[in-house]
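In: I would like to see how this sequence folds:
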Amino acid sequence: MTNEIPLPEAALKRIERMHQGASNTSMLSVAASYSLFDIGFDTVGEAMGCAVMNTSGVYFPPCQMYGRGGGQMQLYMSPWGASYQEVIDKGWASTKERIREEARLIGADGVIGITISRSELEPGAQEFLMVGTAIRSRGNTRSKRPFLTSLKGNDFAKLVANGWITADLLVDTILEVAHNDYSAVMQNSLFATNTEIDTFTRMVNNARHRGRDRHVEDVRRIGASGSIISHSALRIFHHEPAEGHVDFIAETTVIGSAITQFKVVETKPTLRYVSLKG
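Out: Numbers count the residues shown, from 1 in each chain. Below is the predicted model:
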């Protein structure tokens, strides 16, 4: 097979070793491996996708100023770099493309048990990483586009045994930006009573809500029936787009495996007669 998506040299060498008969490695447990064997799949080897993105000089969405009655307005700052949202989306997309391409080049039908991480290597450089176990069906039907899922072996086997298959791994990140307004400063000060910080509550709720909405949109976009969410995370940080202007950012990430149903062909047991004559 020829690679359709450019892969790093280290990835190509790893694939070459697999084709030369190197030992098959797996991240699955013994129980998970036997569960896969029971539904007609074998492990092929580990697959990995990685991308390091430059996040220095990015700009964020306009911040929201919330009113006491729940209304809100936006404050725009002139951007000069790349959109943070676009950089994050591209990082995950590139990582998915590379792990899928590795799976295709080693003859796998999909990658299961994918672990996902994102870390800052140094200020302005973030690593996006996906690692999983590539598997291959013992049947004659081959998948043109290997599927990806964070489901472990046992869960994947139960899914397939009941007429469902994973369509794709979805990673959706959404940002909600709120200005550090007078209300937030007063409610978050050392001298404030232990009260609710209204600005943070609205910001966090909006971020979680929009993250789930984007995930649902992705499920519909690929034509899947639903999604099994494996991870939902939220982090809050701040930045200063201008002197004296402080914004808080809620970043929510929803990770899930889109699933779709396939037709299970039921076969009737065939009666066999065994003669007892000697």
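In: can you report how many residues lie near the closest residue to residue 41 other than its chain neighbours?
Out: Leaving aside its sequence neighbours, residue 41 sits nearest to residue 135 (C-beta to C-beta, 6 or more residues apart in numbering; 4.7 Å). (C-beta placed from N, C-alpha, C; glycine too.) Look at residue 135: counted by other C-beta atoms under 10 Å, it has 26 neighbours.
In: can you name the residues that contact residue 135?
Out: 36, 41, 42, 43, 44, 108, 109, 110, 111, 112 (C-beta atoms under 8 Å, 6 or more residues apart in numbering).
In: drop anything exposed from these.
Out: Those of the contacts of residue 135 that meet the buried threshold are 36, 41, 43, 44, 108, 109, 110, 111, 112, by 16 or more other C-beta atoms under 10 Å.
In: wait, which of these is closest to residue 238?
Out: Comparing the buried ones among the contacts of residue 135 against residue 238 with C-beta to C-beta picks out residue 111 as the nearest, at 36.4 Å.
In: gap between that closest one and residue 205?
Out: Per C-beta to C-beta, to the nearest Å, residue 111 is found 34 Å from residue 205.
In: on that earlier part again, pretty sure the residue nearest to residue 41 sits in a helix.
Out: No. Counting by DSSP: H, G, I helix; E, B strand; the rest coil, residue 135 falls outside a helix, being strand.
In: quick check: beta-bridge partners of it?
Out: residue 43, residue 110 (DSSP bridges).
In: need the pLDDT of it.
Out: Among the per-residue scores, residue 135 shows a pLDDT of 93.
In: got it, and the one 4 residues further on?
Out: According to the model's per-residue confidence, residue 139 sits at a pLDDT of 80.
In: same deal with residue 94?
Out: For residue 94, the model assigns a pLDDT of 94.
In: and what of residue 252?
Out: 93.
In: what of residue 195?
Out: According to the prediction, residue 195 has pLDDT 70.
In: and it, how far is that from residue 158?
Out: 46 Å.
In: so those two - more neighbours on which side?
Out: Just comparing residue 195 and residue 158: by other C-beta under 10 Å the higher neighbour count belongs to residue 158, 13 against 9.
In: how about the helices in the stretch 51-200 of the chain?
Out: 84-105, 153-161, 182-187, 198-221 (DSSP state H, counting those that start in this stretch).
In: and of the ones you listed, who's closest to residue 144?
Out: Between the helices of the stretch 51-200 of the chain, helix 84-105 lies closest to residue 144; by C-beta to C-beta that is 8.5 Å.
In: could you dump the closest one to CSV, C-alpha only?
Out: Extracted in CSV, the C-alpha atoms of helix 84-105 (Å, rounded to 0.1, in the frame of the first residue of the first chain):
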residue,chain,number,x,y,z
TYR,A,84,-7.1,29.2,18.7
GLN,A,85,-10.3,27.2,17.9
GLU,A,86,-9.0,26.4,14.4
VAL,A,87,-5.5,25.4,15.7
ILE,A,88,-7.1,23.0,18.2
ASP,A,89,-9.4,21.5,15.6
LYS,A,90,-6.6,21.1,13.1
GLY,A,91,-4.4,19.4,15.7
TRP,A,92,-7.1,16.8,16.5
ALA,A,93,-7.9,16.3,12.8
SER,A,94,-4.3,15.8,11.8
THR,A,95,-3.8,13.3,14.7
LYS,A,96,-6.9,11.3,13.6
GLU,A,97,-5.8,11.2,10.0
ARG,A,98,-2.4,9.9,10.9
ILE,A,99,-3.5,7.1,13.2
ARG,A,100,-6.1,6.1,10.6
GLU,A,101,-3.5,6.1,7.9
GLU,A,102,-1.2,3.9,10.0
ALA,A,103,-4.0,1.4,10.5
ARG,A,104,-4.8,1.4,6.8
LEU,A,105,-1.1,0.8,5.8
